[in-house]
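Student: coords please:
(chains A and B)
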There are 2 protein chains.
Amino acid sequence: MKIAVIGAGAVGSFYGARLARSGHDVRLLMRRDLEAVRRNGLTIKSCDGDFHLQAAAFGDPADIGVVDLVICALKATAIDVAQQLVRPCVGPHTRIIVLINGLGIEERFGQWFDPERILGGLAFVCINRGKPGVVHHMAYGRIAFGHLLDDQEEASKMAALFARAGFETHVRPSLRQARWEKLMWNIPFSTLAITAGGVTTDRILADPGLTRLARALIVETGSAGNADGCSIEIGAMVEKMMANTGTMGAYRPSMLLDYENKLPLEVEAILGEPVRRAAALNVSVPTIEAQYRLTAFLDRLNRGG
Amino acid sequence: MKIAVIGAGAVGSFYGARLARSGHDVRLLMRRDLEAVRRNGLTIKSCDGDFHLQAAAFGDPADIGVVDLVICALKATAIDVAQQLVRPCVGPHTRIIVLINGLGIEERFGQWFDPERILGGLAFVCINRGKPGVVHHMAYGRIAFGHLLDDQEEASKMAALFARAGFETHVRPSLRQARWEKLMWNIPFSTLAITAGGVTTDRILADPGLTRLARALIVETGSAGNADGCSIEIGAMVEKMMANTGTMGAYRPSMLLDYENKLPLEVEAILGEPVRRAAALNVSVPTIEAQYRLTAFLDRLNRGG
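Tutor: Alright, predicted model coming up:
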């Protein structure tokens, strides 16, 4: 299968490299790492075993051309250029997996392209970029799929493709619920890592006050999700999120890495859109709102704004 | 009148110096500035006119002895040593004004000393310490008094004393309400200055998201105060707090100065006690709680904890 990874940062490169290793023709659209990967290939330093790949790296999606599958792994902050970067790779039969955090992203893709062909992928993976051409994969890797119109056959086909590349996969009957549930990790842990002064997740769990705040954020997120048509078991999810995070050690969420590198944060996709959706549904999310306003301000302050 | 200022930092030194200038025998208990004031006296660089005073500075309250009036202007973080510092100055007729931010402080004094003789003072003043022996007074200076048992005659006598030293004074029929109303400034502005990354109050007002958060904090504080027996007109107070802050320019709240100097913050008096009181009264204060947990953590992080 011909696959284009649009936005091959840590996550896109990792999944793309594993799909290439399982026999697919994978083409990576890169910016920062383009020259390094062309020169030296792509190295995945992985808890599942390191490997190296002479990857096909591109700087322009027009040079990739039409593919069978687009994996769009841009950052949510790049959503405004997503359409133009993806468009050259889309033909009449191309499917698109959106591997971008946050709410409402697949809906945007559904306005630009045929909604029947849009899927969402939710990667549960501890990963970050090393020096150019190197990705560090510390833990996990499982990936869940949902379809924009909740077509489970489509989601199952996509899961099978990733399963053949060695990943644990899941099919989610409701993409919307999957997105809200993922926010039940990102909203507490990615954003407290910023507002608590730039700390790893273990510091959050070690502080009773921040732990309390994390739990409140998880509960508010789940409540908003349920008001948005989901059926989330909030209490069970709180315990699951806390327990999972406990296994991660001194983990730096990608939002914290972006903050440390003075890159724009995915504030609107992770916090702004949930707050707006909750407001439209008349659900009170004051703790999320506080995180939203503080994180948005700190993001601008951090970049000299 | 013989007056002891216990904890003569910026606020204590400023009010003490003005009382001395109006003819009272004022004795300042100092730590950081003791040697400088003994050598060079105390200089008040004031928007009302600079002045200099050969102040009586002490390092031990036993050397001050019993006075007619104790002004206790320690930081709330020093509350655990307040009793032992104040005790040597208290005789059978000594009155005590507590000039300390936060909830529940006068109640502590009422457990240690005769509650009939305990008053609270609320200083509305933009002030900070300069180099040793120098206090910078930028704006305001008015001071409101209430009595622990709401004895208005006692509060009025104290107000008269300060009025003769040239201050605008107010008598508050309810000390508790006065404390809650003062928190309606400190909770939004002192603590957002910390959690928004260490910024002056004008930056908070210039950001629509932080302004929204400030308003939410004021409303939650007023609601908790009213549940605690006050009759605060919350809407009017929101507008008053925002308008007053607008006149302050690039103001650094004392909590921000402490943060920048890596000193312990008055987290429990300003945030912890209100959160606990609201919880006891079954009032929801999620935005204050978020500020509490974040500020408490940032305080410890800032001091290497």
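Student: A:Leu119 should be in a strand, yeah?
Tutor: Yes. Membership of A:Leu119 in a strand is supported by DSSP: H, G, I helix; E, B strand; the rest coil.
Student: Show me the beta-bridge partners of it.
Tutor: A:Ile97, A:His147 (DSSP bridges).
Student: doesn't A:Ala144 make contact with it?
Tutor: No. Using C-beta atoms under 8 Å, A:Leu119 makes no contact with A:Ala144, being 10.6 Å away. All C-beta spots, glycine's among them, are computed from the backbone N, C-alpha and C.
Student: ok, the two, which is more surrounded?
Tutor: A:Leu119 (25 against 21; other C-beta atoms under 10 Å in any protein chain shown).
Student: That one and chain B, how far apart?
Tutor: 33 Å (C-beta to the nearest C-beta, to the nearest Å).
Student: Is there proximity between stretch A:216-229 and chain B?
Tutor: Yes. Stretch A:216-229 is in contact with chain B by C-beta under 8 Å from any C-beta of the partner chain, via A:Ala216.
Student: Report the buried residues of that stretch.
Tutor: Using 16 or more other C-beta atoms under 10 Å in any protein chain shown as the test for burial, stretch A:216-229 gives A:216-226, A:228.
Student: Return the member of the residues you listed nearest to A:Gln84.
Tutor: Within the buried residues of stretch A:216-229, the smallest distance to A:Gln84 is 29.4 Å, found for A:Asp228 (C-beta to C-beta).
Student: Residues of the stretch 51-200 of chain A that sit close to chain B?
Tutor: Residues of the stretch 51-200 of chain A lying near chain B (C-beta under 8 Å from any C-beta): A:195-197, A:199.
Student: Turn those residues into CSV, columns for distance to A:Arg179 and pLDDT.
Tutor: Converted to CSV, those look like this (distance: C-beta to C-beta, whole Å; pLDDT from 0 to 100):
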residue, distance to A:Arg179, pLDDT
A:Thr195, 22, 98
A:Ala196, 25, 98
A:Gly197, 28, 97
A:Val199, 26, 97
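Student: And the closest residue to chain B within the stretch 101-250 of chain A, how close does it get to B:Val81?
Tutor: Across the stretch 101-250 of chain A, no residue is closer to chain B than A:Gly209, which sits at 3.7 Å (C-beta to the nearest C-beta). Here A:Gly209 is placed at a distance of 25 Å from B:Val81 (C-beta to C-beta, to the nearest Å).
Student: what about the helices in the stretch 151-300 of chain A?
Tutor: For the stretch 151-300 of chain A, the helices defined by DSSP state H, counting those that start in this stretch occupy A:152-164, A:175-185, A:191-195, A:201-206, A:208-227, A:234-246, A:254-260, A:267, A:273-280, A:286-302.
Student: Kindly report which one of these carries the lowest mean pLDDT.
Tutor: Sorting the helices of the stretch 151-300 of chain A by mean pLDDT places helix A:254-260 lowest, at a mean of 93.
Student: What residues of that helix count as buried?
Tutor: A:254-256, A:258-259.
Student: Check which element follows it along the chain.
Tutor: Using DSSP states H and E, the helix or strand that follows helix A:254-260 towards the C-terminus is helix A:267.
Student: ok, that next one near chain B or not?
Tutor: No. If you take C-beta under 8 Å from any C-beta as the test, helix A:267 misses chain B, and the best it gets is 9.9 Å.
Student: what comes into contact with that helix?
Tutor: Here helix A:267 makes contact (C-beta atoms under 8 Å, 6 or more residues apart in numbering or on different chains) with A:292, A:295-296, A:299.
Student: what does stretch A:71-85 give?
Tutor: By C-beta under 8 Å, 6+ apart, stretch A:71-85 touches A:3-9, A:11-12, A:15-16, A:29, A:61, A:86, A:96-102, A:105, A:108-109, A:112, A:121, A:258, A:263-266, A:268-270.
Student: Test my guess that A:His136 contacts A:Asn128.
Tutor: Yes. In this structure A:His136 lies within contact range of A:Asn128 using C-beta under 8 Å: 5.5 Å.
Student: Name the residues contacting each of these two.
Tutor: A:Ala10.
Student: Any idea how many residues pack against the closest residue to A:Pro253 other than its chain neighbours?
Tutor: Leaving aside its chain neighbours, A:Pro253 sits nearest to A:Ser190 (4.1 Å; criterion: C-beta to C-beta, 6 or more residues apart in numbering or on different chains). For A:Ser190, the count of nearby residues is 25 (other C-beta under 10 Å).
Student: How much space separates A:Ser190 from A:Gly235?
Tutor: Counting by C-beta to C-beta, the gap from A:Ser190 to A:Gly235 is 22 Å.
Student: how about stretch A:296-305, does it get close to chain B?
Tutor: Yes. If you take C-beta under 8 Å from any C-beta as the test, stretch A:296-305 does meet chain B, through A:296-298, A:301-302.
Student: so which of these would you say is closest to B:Arg164?
Tutor: Closest to B:Arg164, out of all of those and judged by C-beta to C-beta, is A:Phe297, at 44.9 Å.
Student: what sits against A:Pro238?
Tutor: Not Pro; residue A:238 is Val. Shown in contact with A:Val238 (C-beta under 8 Å, 6+ apart): A:184, A:215, A:218-219, A:222.
Student: mind redoing it with 10 Å?
Tutor: A:184, A:188, A:214-219, A:221-222 (C-beta atoms under 10 Å, 6 or more residues apart in numbering or on different chains).
Student: what residues does the stretch 201-305 of chain A put near chain B?
Tutor: Contacts of the stretch 201-305 of chain A with chain B, taken as C-beta under 10 Å from any C-beta of the partner chain, map to A:203-204, A:207-214, A:216-217, A:220, A:267, A:272, A:284-302, A:305.
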